[in-house]
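Undergrad: coords please:
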Amino acid sequence: MLERELSGAGFEKSSNLINSLPPDLFAELRFQAIGVEASIDEVRNVISAVTCLFSTAAKHRLSSDALLNFVVSKYKLPKQILQVIHHVWNEEGKSLLENEGSRDLLPALQFVDFQWKIGMAVSSDNCRSLNHPYVTVSLKVADSSGQVTNKVFEMSIAEFQNFHKQFKEMSAALETV
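TA: Residues are numbered from 1 along each chain as shown. Next up is the predicted model:
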């Protein structure tokens, strides 16, 4: 479960850039101060990956040794970077575990736009089940820095109806808050 959550957050992809960082830079994440060539997206990905690592560790109530053992078993990071991860979690992880503040680490996304359209495939070289309607959903979300990401996915009519029902339930629950 831990591996799946970190994989979804792009930790493995970001670990390549983390791997190239001096430990003191990683500890402070001041990329431009020493001239590290990294795009804003790469820096954002590293920060998101590290945030997810610590949030996931808090969620699963990992000790600093358990977190370090997991990272060592899955990612090839230099010893100095591993020491920084261990030290930071050893020092700061306690407060997250005590206050259950791991949720505060995850940046909230804001819906910018929601669109859907219904369609039907009528010919295909690869698909055998044609003439079945589907719904294409396009979600635009903005992260805490304002970067907008578009997510597009398709669902069957039954899946879309269930999706709609869940949104209505969430809306009703939010109105009671």
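
Undergrad: What are the buried residues along stretch 133-144?
TA: Neighbour-count burial for stretch 133-144 flags 135, 137, 139, 141 (criterion: 16 or more other C-beta atoms under 10 Å). No exception for glycine: its C-beta is placed from N, CA and C like everyone else's.

Undergrad: what's near enough to touch the first one?
TA: For residue 135, the contacting residues are 116-119, 154-157, 159-160, taking C-beta atoms under 8 Å, 6 or more residues apart in numbering as the criterion.

Undergrad: And the third one, by the same measure?
TA: If a contact means C-beta under 8 Å, 6+ apart, then residue 139 has 111, 113-114, 150-152 as its contacts.

Undergrad: May I see those organised as a markdown table, with secondary structure added?
TA: Output for these, formatted as a markdown table (DSSP: H, G, I helix; E, B strand; the rest coil):
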| residue | secondary structure |
| --- | --- |
| 111 | strand |
| 113 | strand |
| 114 | strand |
| 150 | strand |
| 151 | strand |
| 152 | strand |
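
Undergrad: Any of those buried? List them.
TA: In those, nothing passes as buried (16+ other C-beta under 10 Å).

Undergrad: farthest pair in these?
TA: 111 and 152 (14.5 Å; C-beta to C-beta).

Undergrad: what's the lowest-pLDDT member of the contacts of residue 139?
TA: Between the contacts of residue 139, the one the model trusts least by pLDDT is residue 111, at 77.

Undergrad: Quick one: residues contacting the closest residue to that residue other than its chain neighbours.
TA: Distance criterion C-beta to C-beta, 6 or more residues apart in numbering; nearest residue to residue 111, sequence neighbours excluded, is residue 141 at 6.0 Å. Neighbouring residues of residue 141 by C-beta under 8 Å, 6+ apart: 109-112, 148-149, 151.

Undergrad: any idea whether residue 141 is helix, strand or coil?
TA: Residue 141 - assigned by three-state DSSP - is strand.
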